[in-house]
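K.L.:
Here is a sequence with its predicted model. Questions after.
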Amino acid sequence: MQDLRFPIHYTFKISSLSNDFNATDANGMVIAYVKQKLFKLKEDILVYSDESKANILFNIKADKWLDFSTAYRFTDENGQNIGKIVRKGWRSIWKAQYDLIDEHDTIQYTIREENAWIKVIDSLFGEIPILNILTGYLFNPSYIVLNKKEEVVLRLKKLPSLLGKEFKINKLGSIEQEGERRLILGTMMMILLERRRG
C-alpha cells in the first residue's frame with residue numbers, strides 16, 4: 001500500500017460468511033483484501049495484498065476482549081509494530097471517536113463521526129418493518145480524520161446501498177507519507193467496528 005490514489009473504496013463481500021472486504025484505489029486496482037477471523041474472542045484481522053490471500057501485508061489484533069477502550073495494534077508482515085487505533089471509551093457510544101497512534105505511542109490523528117444523529121435515526125428506522133429496508137439508502141454516516149492541528153485530512157463516508165456494503169475515503173489535506181498506511185489500517189479497523197453498530 002504505497003503511493004495511494006484517492007478516493008479509496010472499501011467494498012464488503014455480502015456473499016461471504018466472514019466479515020471481509022476489498023480496498024480499491026481511484027483506478028479500481030485492489031490495494032488490499034481484509035479478512036476478519038471468525039470465532040475469535042479477541043479481534044484478529046489479516047490484511048492481504050489481494051483476494052488470493054497469498055501475501056499477508058499486515059495484521060491487526062485487539063489487546064483486550066470486549067472492552068470499550070480496546071486498542072487494535074498494527075504489525076507488518078515481519079511482526080514489526082507500526083502503530084494502533086484506540087476507541088475513545090464511553091465517549092464513542094454517542095459519537096464514535098478513535099485515536100490513531102504511531103509506533104512511539106504518540107497520537108497522530110483522530111477519527112470522529114461527523115453527525116451522531118444519523119446513527120440514532122438509522123437505529124430507530126431499522127426497527128420499523130418494511131422501512132428498515134431503506135435505511136441503507138437514506139442514512140449514511142460519515143467520519144472525518146483530523147491531524148494534530150485539528151485540520152481535516154480525510155473523510156470516510158458510507159455510500160447508499162441496501163446492505164451498507166460500500167464506503168469511500170476522500171483525501172482533503174496533506175498526509176505524512178509514513179502515516180498514510182497507518183491511516184488506511186485505522187479506517188479499515190474502524191469500519192469493521194462501526195459497521196456492526198449500524
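P.N.:
The structure has been received and is ready for your questions. Only a predicted model underlies this, so the values are computations on that prediction, with no experimental measurement involved.
K.L.:
List the beta-bridge partners for F167.
P.N.:
When bridges are assigned using DSSP bridges, the partners listed for F167 are Y10, K158.
K.L.:
Just list the residues touching it, thanks.
P.N.:
Each residue near F167 by CB atoms under 8 Å, 6 or more residues apart in numbering is listed here: H9, Y10, L156, K157, K158, L159, I191. Every residue, glycine included, has its C-beta placed from N, CA and C.
K.L.:
rerun at 10 Å
P.N.:
By CB atoms under 10 Å, 6 or more residues apart in numbering, the contact list for F167 reads 8-12, 21, 23, 140-143, 156-159, 161, 187-188, 190-191, 194-195.
K.L.:
Find the nearest non-adjacent residue to K171, please.
P.N.:
Here the nearest residue to K171 in space, its sequence neighbours aside, is F6; by CB to CB, 6 or more residues apart in numbering that works out to 4.0 Å.
K.L.:
Confirm for me that that neighbour is in contact with L172.
P.N.:
Yes. Applying CB atoms under 10 Å as the test, F6 and L172 come out as touching, 9.2 Å apart.
K.L.:
Quickly list what's touching both of the two.
P.N.:
Contact with both F6 and L172 is made by residues L154, according to CB under 10 Å, 6+ apart.
K.L.:
Any of the contacts of F167 buried? List them.
P.N.:
Using 16 or more other CB atoms under 10 Å as the burial test, those include 8-12, 21, 23, 140-143, 156-158, 187-188, 190-191, 194-195 as buried.
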